[in-house]
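Show me how the following folds:
(one chain, ligands or ions: 1)
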Amino acid sequence: MVKKLPIGVLVSGGGSNLQSLIDHIDQGTLNAEIRIVLSNNPDAFALERCRKHGIPTAVVDHREFSSRERFDGRMVEILNAAGVELVVMAGFMRILSPEFFQAFPMRIMNIHPALLPAFPGTHVQRKAVDYGVKFSGCTVHFADEGVDSGPIVIQAVVPVYEDDDAEILAARILKEEHRIYPQAIQYYAEGRIRIEGRKVHIRQPLPEAVAKETGSASPPVPVPPRSSD
Ligand code: GRF
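Coordinates of the predicted model:
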């Protein structure tokens, strides 16, 4: 049995991305174990989802800390105590301090509901509609100290129709988020990701027989084939 990737998930709200990770783990398409779910918001519905599935949670309410560094320091303590290897941000609405990034260098993933580098920041579905783009989508990336600026792992594209409003577009994008986030984490779990500067390389999966022998990869998730232009 290949070792499961221990992850910690940071949430602030509804947690539909968290739910998709839980579902993929249950279905056996994501070889990870959610060691802890951390929320800065005591009322986040994501916490309710955890209770249902017996997943450990911790609430670290930012309002109870005198500085961002102290708040982040507490989160780092909890994540380390839980043995987390990869930190997964899933709708976490706080900006992290440099100290947090130093604690998990290139070991923090985020999902953003736009095609980066277009529309970083917040309310991006509305911005995409208002701008009049014909396509938008979502981006899984490693988080760095900038805003939505780290190396990109996977993107998915959705059309934007003329009569879309922000809510309709957000729902269309969310469906894709639920598909590509578990996939990106699975690539990481299989040790197939190599980061070189801004570029994320995803190597092809090992043949199953070799994977079994070396114990280095779980059931392969195919990398999309390259089209011959
Ligand atoms: C998602 O759109 C995600 O891209 C963004 O915040 C939203 C979180 O939604 N970072 P949910 O809490 O996972 O439902």
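
Now do the closest residue to Met93 other than its chain neighbours against the ligand, distance only.
Nearest residue to Met93 in three dimensions, chain neighbours excluded: Ser12, at 4.1 Å (Cβ to Cβ, 6 or more residues apart in numbering). All C-beta spots, glycine's among them, are computed from the backbone N, C-alpha and C. Noted for Ser12: a distance of 7 Å to the ligand, by Cβ to the nearest ligand atom, to the nearest Å.

again, but for Ile25
Taken as Cβ to the nearest ligand atom, the span from Ile25 to the ligand is 15 Å.

Touching, that residue and Ala32? I think so.
Yes: with contact defined as Cβ atoms under 8 Å, Ile25 counts as touching Ala32 (5.9 Å).

Give me the pLDDT for Leu206.
At Leu206, the model reports a pLDDT of 72.

residues near it, how many?
17 (other Cβ atoms under 10 Å).

now it, what's its secondary structure?
coil (DSSP: H, G, I helix; E, B strand; the rest coil).

phi, psi of it?
phi -70, psi 150 (degrees, to the nearest 10).

where does the residue nearest to Met93 fall, phi/psi-wise?
Torsion angles, degrees, to the nearest 10, at Ser12: phi -140, psi -20.

Tell me the residues on this protein that lie near the ligand, please.
Contact residues, the chain versus the ligand (Cβ under 6 Å from any ligand atom): 13-17, 90-91, 111-113, 174, 177.

what about the closest residue to the ligand within the chain, how many residues close to it?
Nearest residue of the chain to the ligand: Gly91, at 2.6 Å (Cβ to the nearest ligand atom). The burial count assigned to Gly91 is 21, neighbours taken as other Cβ under 10 Å.

That one and Val11 touch, don't they?
Yes: Gly91 lies in contact with Val11 (Cβ under 8 Å); the separation is 5.7 Å.

Mind listing the shared neighbours of these two?
Common neighbours of Gly91 and Val11, counting by Cβ atoms under 8 Å, 6 or more residues apart in numbering, are 18, 46.
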